[in-house]
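Novice: Pasting a predicted model and its sequence here:
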Amino acid sequence: MDILLQNHTGALVQSASLVELVKKVLSHLKSHINNQKDSLTVVFVSAAKMQDLNSKYRNKDYVTDVLSFSADDESMGELVFCIDKMRVQAKENVHSLESEFLYLLIHGILHLNGFEHENNAEEAKRMFKIQDDVFAVLNTDVMALF
């Protein structure tokens with residue numbers, strides 16, 4: 001699978017390490033997802049841009065951490081991340097920015113594969129169990145990304 005990166009921020013992103021992490025996540029999720037597409041796009045945007053996207057596509061006028069956009073073609077879709085929001089949440093959760101990104105990456109990929117948590121408590125429980133299990137395995141050796 002091709003991992004396409006777009007960084008629309010001033011943050012330094014270690015592209016090779018990030019691609020490797022995305023591939024590890026996809027490998028660990030393969031028994032839970034059936035989206036065998038050719039590519040996945042990972043985008044980093046500013047807080048202002050993320051607020052704009054969240055307002056436009058979800059009618060929620062605030063900065064969020066990750067948005068997922070499904071695709072109709074050969075792509076799995078697009079995950080849009082706000083590094084500024086992730087930094088705040090990493091401090092709140094008392095872990096690294098890389099760990100925060102990993103957790104949100106797993107979350108976004110699950111969304112792209114039909115998992116939801118906002119409308120069904122049972123589905124939310126299932127989604128977060130998978131997310132937490134994969135995070136626990138991969139967070140032990142997450143490398144520098146930013």
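Specialist: Ah, there it is.
Novice: Which pLDDT value does the model give the residue nearest the centre of the chain?
Specialist: Central residue check for the chain by CA atoms, centre = their mean: the C-alpha nearest the mean position is that of L105, 2.5 Å away. The confidence metric pLDDT takes the value 98 at L105.
Novice: Quick check: what element follows the helix or strand harbouring it along the chain?
Specialist: Here L105, judged by DSSP states H and E, is contained in helix 97-112. On the C-terminal side of helix 97-112, the nearest following helix or strand under DSSP H and E is helix 121-138.
Novice: That following helix to helix 97-112, inter-axis angle?
Specialist: 140 degrees (axes from the mean of the first three to the mean of the last three CA atoms, to 10 degrees).
Novice: Check the secondary structure at V43 for me.
Specialist: Put simply, V43 is strand when judged by DSSP: H, G, I helix; E, B strand; the rest coil.
Novice: List the contacts of it.
Specialist: V43 makes contacts with 5-8, 78-81, as judged by CB atoms under 8 Å, 6 or more residues apart in numbering. Using the backbone N, CA and C atoms, a C-beta is placed for each residue, glycine as well.
Novice: Any quick ChimeraX command for the buried ones out of those residues?
Specialist: The following ChimeraX selection, which keeps only the buried ones among these, applies the criterion 16 or more other CB atoms under 10 Å:
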select :7,78,79,80,81
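Novice: which ones among the contacts of V43 are found in helices?
Specialist: The helices, defined by DSSP state H, take in nothing from these.
Novice: What is the nearest of the contacts of V43 to E20?
Specialist: Closest to E20 out of the contacts of V43 is L5 (12.0 Å), distances taken as CB to CB.
Novice: Enumerate the beta-bridge partners assigned to that closest one.
Specialist: Per DSSP bridges, the residues bridged to L5 are V42.
Novice: Could you double-check that it lies in contact with E20?
Specialist: No - contact criterion CB atoms under 8 Å: L5 and E20 do not qualify, at 12.0 Å.
Novice: For the chain, give me the ranges with low pLDDT.
Specialist: By pLDDT under 70, the low-scoring segments of the chain are 35.
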